[in-house]
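In: sequence first, predicted model second:
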Amino acid sequence: MGKTKKNALVSLMVLSLVGTLAAGCSTSKGGDQTASKETDYKLGWYASAPHPYFEEVKKGVEAFEKDYGITVEKQIGPDWNQTSETDNVGALAAKGIKYFSIYPSDGSGANGLYEELTNRGVKIVNFGASTVQPTTASFFVGTDAKKAAMVATEKLIELMGDKGNIINILEVLEDSNTILRKQGVEEVVKKHPNVTIIQEISGMKSTEEAVQKIDSVIAANIDKVDGIIATGFTPTVAIAQVMGDYKSKDNKRTIHSIGIDTDPIVVKAIKDGTVDATIAQNSFGAGYLSMLLLKKMADGWAPKQDSYAVDGGIVVVTKDNVDTFQDDIMKVTNDLKANLETKYLEKK
């Protein structure tokens, strides 16, 4: 652990002696009728850096606030650096936050922060990405990143007729989920002897950067590329723009494409036929359910043994279900919500 991180954690512990109980209490007014006594909820939500995925997750957090009448301290950090997250989460804990939903900036490095917080009685739920196990986080709520990438790859290969060349487009390698997605794509391709990954590109922090890189890689492989897969939000939006331009020029080579997430640009591209499919994550559920699990723990519930991962589910979105996939996602959220106490929790 670096000096900066140590200093942040020391400051966190000192400040907490002064302010741990300073935050006010709220009473549940909404969907949970089992909590009969007033509970001192001190809930926090932290995301690493500005990103469209986090904005979707935050909608779930806000819906939880509305349903239960509980205010959540929400903060989005400046970057994907674990030191920034450690400092900022430490400051929130020093203000009295006792229950955190966190996207770990570093799947391994975040565990040092988590251990310090857990030793002080703080409860943590990972959303969107998991910390490396063993971890003191009580739950992970979100997409199985590797599994989702494998489903997307299988769909792309099906569209390609089980043969041809793929360009694998990754987002940022600093994100632990990107590594899992890379592994998933490669594992599926290995199962198909007539399919090859001819090039992989990564490092896309903006749509503009992604468009430029994807344009270049397609141009360099124009005589042999048959499919493109993007497993990150930013390159998926870029694919929608690039493929729209490609098909508008009446190019004769068929290039199939699949992405992840459901930005309006991507949804429109699927309707227009310029993108074949995308993977819809349950971003709303990652926010809503992570906060609900924290509330349940504040109400006296504890995680069941071996119940760490709460899979928010995915839906493959094509032209056939582009107008109805949101209903499928919401059904998954409601089913998980209804079964939290029986499948994932037990009364202490």
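Out: All right, it came through fine. Residues are numbered from 1 along each chain as shown.

In: distance between the helix or strand Val188 falls within and the chain's centre?
Out: Secondary structure assignment for Val188, by DSSP states H and E: helix 176-190. Relative to its chain's centre, helix 176-190 lies at 16 Å (CA atoms, centre = their mean, to the nearest Å).

In: list the buried residues for that helix?
Out: Ser176, Asn177, Thr178, Leu180, Arg181, Lys182, Gly184, Val185, Val188, Val189 (16 or more other CB atoms under 10 Å). Using the backbone N, CA and C atoms, a C-beta is placed for each residue, glycine as well.

In: will you turn the residues you listed into TSV that also has pLDDT and distance to Phe54?
Out: As requested, these are exported to TSV (pLDDT from 0 to 100; distance: CB to CB, whole Å):
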residue	pLDDT	distance to Phe54
Ser176	82	15
Asn177	89	13
Thr178	91	16
Leu180	93	18
Arg181	95	18
Lys182	96	21
Gly184	97	22
Val185	98	24
Val188	98	28
Val189	98	30
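
In: the helix holding Val188: what's the following helix or strand?
Out: Later in the chain than helix 176-190, the nearest helix or strand by DSSP H and E is strand 195-201.

In: same for that next one, what does it pack against?
Out: Packing partners of strand 195-201 (3 or more CB pairs under 8 Å, 6 or more residues apart in numbering; DSSP states H and E): strand 164-169, helix 176-190, helix 207-220.

In: for Tyr103, find the nearest of these.
Out: helix 176-190 (9.7 Å; CB to CB).

In: restricting to C-alpha, output that closest one in PDB.
Out: The C-alpha trace of helix 176-190 is given here as PDB (Å, rounded to 0.1, in the frame of the first residue of the first chain):
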ATOM      1  CA  SER A 176     -11.000  -4.900 -14.300                       C
ATOM      2  CA  ASN A 177     -14.100  -5.800 -16.300                       C
ATOM      3  CA  THR A 178     -12.300  -5.200 -19.600                       C
ATOM      4  CA  ILE A 179      -9.800  -7.900 -18.800                       C
ATOM      5  CA  LEU A 180     -12.700 -10.300 -18.000                       C
ATOM      6  CA  ARG A 181     -14.400  -9.400 -21.300                       C
ATOM      7  CA  LYS A 182     -11.200  -9.900 -23.200                       C
ATOM      8  CA  GLN A 183     -10.800 -13.400 -21.700                       C
ATOM      9  CA  GLY A 184     -14.500 -14.200 -22.500                       C
ATOM     10  CA  VAL A 185     -14.200 -13.200 -26.200                       C
ATOM     11  CA  GLU A 186     -11.000 -15.200 -26.600                       C
ATOM     12  CA  GLU A 187     -12.300 -18.300 -24.900                       C
ATOM     13  CA  VAL A 188     -15.400 -18.500 -27.200                       C
ATOM     14  CA  VAL A 189     -13.300 -17.900 -30.400                       C
ATOM     15  CA  LYS A 190     -11.100 -20.800 -29.400                       C
END
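
In: would you turn the buried residues of helix 176-190 into a markdown table with distance to Asn119?
Out: Formatted as a markdown table, those follow (distance: CB to CB, whole Å):
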| residue | distance to Asn119 |
| --- | --- |
| Ser176 | 24 |
| Asn177 | 27 |
| Thr178 | 31 |
| Leu180 | 29 |
| Arg181 | 33 |
| Lys182 | 34 |
| Gly184 | 35 |
| Val185 | 39 |
| Val188 | 41 |
| Val189 | 44 |
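
In: re the thing from before, now do the helix holding Val188: everything it contacts.
Out: With contacts defined as CB atoms under 8 Å, 6 or more residues apart in numbering, helix 176-190 is touched by 104, 106-107, 128-130, 145-150, 152-154, 157, 166, 168, 170-173, 195-197, 200, 202, 229, 231-232.

In: do a quick rundown of the strands in the stretch 1-150 of the chain.
Out: With strands called from DSSP state E, counting those that start in this stretch, the stretch 1-150 of the chain shows them at 43-47, 72-76, 99-102, 123-127, 139-142.

In: got JSON lines for the ones you listed, with distance to Lys347 and mean pLDDT too?
Out: Output for these, formatted as JSON lines (distance: least, CB to CB, whole Å; pLDDT from 0 to 100):
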{"stretch": "strand 43-47", "distance to Lys347": "20", "mean pLDDT": "98"}
{"stretch": "strand 72-76", "distance to Lys347": "24", "mean pLDDT": "98"}
{"stretch": "strand 99-102", "distance to Lys347": "17", "mean pLDDT": "98"}
{"stretch": "strand 123-127", "distance to Lys347": "16", "mean pLDDT": "98"}
{"stretch": "strand 139-142", "distance to Lys347": "16", "mean pLDDT": "97"}
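
In: and the ones you listed: which comes nearest Thr318?
Out: strand 139-142 (22.8 Å).

In: dump that closest one to PDB, restricted to CA.
Out: Only the C-alpha atoms of strand 139-142 are listed here, as PDB (Å, rounded to 0.1, in the frame of the first residue of the first chain):
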ATOM      1  CA  PHE A 139     -22.100  -8.700  -2.100                       C
ATOM      2  CA  PHE A 140     -21.400  -8.000  -5.800                       C
ATOM      3  CA  VAL A 141     -24.400  -6.700  -7.800                       C
ATOM      4  CA  GLY A 142     -24.000  -6.400 -11.500                       C
END
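
In: alright, I will stop here.
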